[in-house]
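Asker: Return atomic coordinates for the entry below.
(one chain, ligands or ions: 1)
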Amino acid sequence: MSATATARAAAAPTARPCTARAPRAISSSSSSGFAPARQPRGRPARGALQVAAAAAAAAPEAPTLPFRVGHGWDLHRLEPGYPLIVGGIEIPHDRGCVAHSDGDVLLHTVVDAILGALCLPDIGQLFPDTDPRWKGARSDIFLKEAVRLMRERGYTIGNIDCTIIAQRPKMSPHKEAIRDNLCQMLGAHPSVVNIKAKTHEKVDSLGENRSIACHAVVMLLRQ
Ligand SMILES: [Zn+2]
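Answerer: Residues are numbered from 1 along each chain as shown. Take a look at the predicted model:
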């Protein structure tokens, strides 16, 4: 994100991005090691991961699954004066996503799908919007961390299917560039990464060019 775009994001007092979901019970568990000021850049809040790891360790039998399925969903408000970044590609439009980070609705969705498949805390817990490190951050940072966590647990991308929902602009001219970029970030072949796009029939905020949303389903395969 450019310095100008970052400044624009900083000037948005009512921004409520998807990374606003950090539950108090987890983010306040400082006794489990949550220490934002000492986190290396690009790494999430460790408290949420430690809570998840402790819960998994406490379970009597942890199955080793040959594959795992995860679902992701995200929505951002669209307003003039912000860049529209989807899948790491800046798309020309008269408005963009209001967010704490760069507001990349597709990457946020893919991150949550991967984290969901792994039964890990969601993107809002790992990268809370109360953490100044993520202000104006590029969302590929979040995806790189999700991929690292996936590989650390012995999984790789089986396939992923994404659906972008936006009335405008038309996504079809950008779908291949988005897929190429996503394949590179995931380390996946194009034959297992699908990008679809739909309008919202001109109804509700999505159909009135006031928001953009994305769904994704991912299957991870054990390596
Ligand atoms: Zn988001």
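Asker: all strands of this structure, in order?
Answerer: 67-79, 85-86, 89-90, 96-97, 155-165, 193-198, 211-222 (DSSP state E).
Asker: Which one of the ones you listed lies nearest to the ion?
Answerer: Among the strands of the chain, strand 67-79 comes nearest to the ion, with 4.2 Å by CB to the ion. In short, each C-beta sits where N, CA and C put it, glycine included.
Asker: quick one: strands adjacent to the closest one?
Answerer: strand 96-97 (antiparallel), strand 211-222 (antiparallel) (DSSP bridges).
Asker: These: which one's closest to residue 162?
Answerer: Smallest distance to residue 162 across these (CB to CB): 4.4 Å, for strand 211-222.
Asker: quick revisit: could I get the strands paired with strand 67-79 as TSV with distance to residue 57 and mean pLDDT?
Answerer: Listed next are the strands paired with strand 67-79 as TSV, based on distance: least, CB to CB, whole Å; pLDDT from 0 to 100:
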stretch	distance to residue 57	mean pLDDT
strand 96-97	37	97
strand 211-222	19	98
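Asker: Tabulate these (a markdown table), appending mean neighbour count and distance to the ion.
Answerer: Formatted as a markdown table, those follow (neighbours: other CB atoms under 10 Å; distance: least, CB to the ion, whole Å):
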| stretch | mean neighbour count | distance to the ion |
| --- | --- | --- |
| strand 96-97 | 26 | 7 |
| strand 211-222 | 22 | 9 |
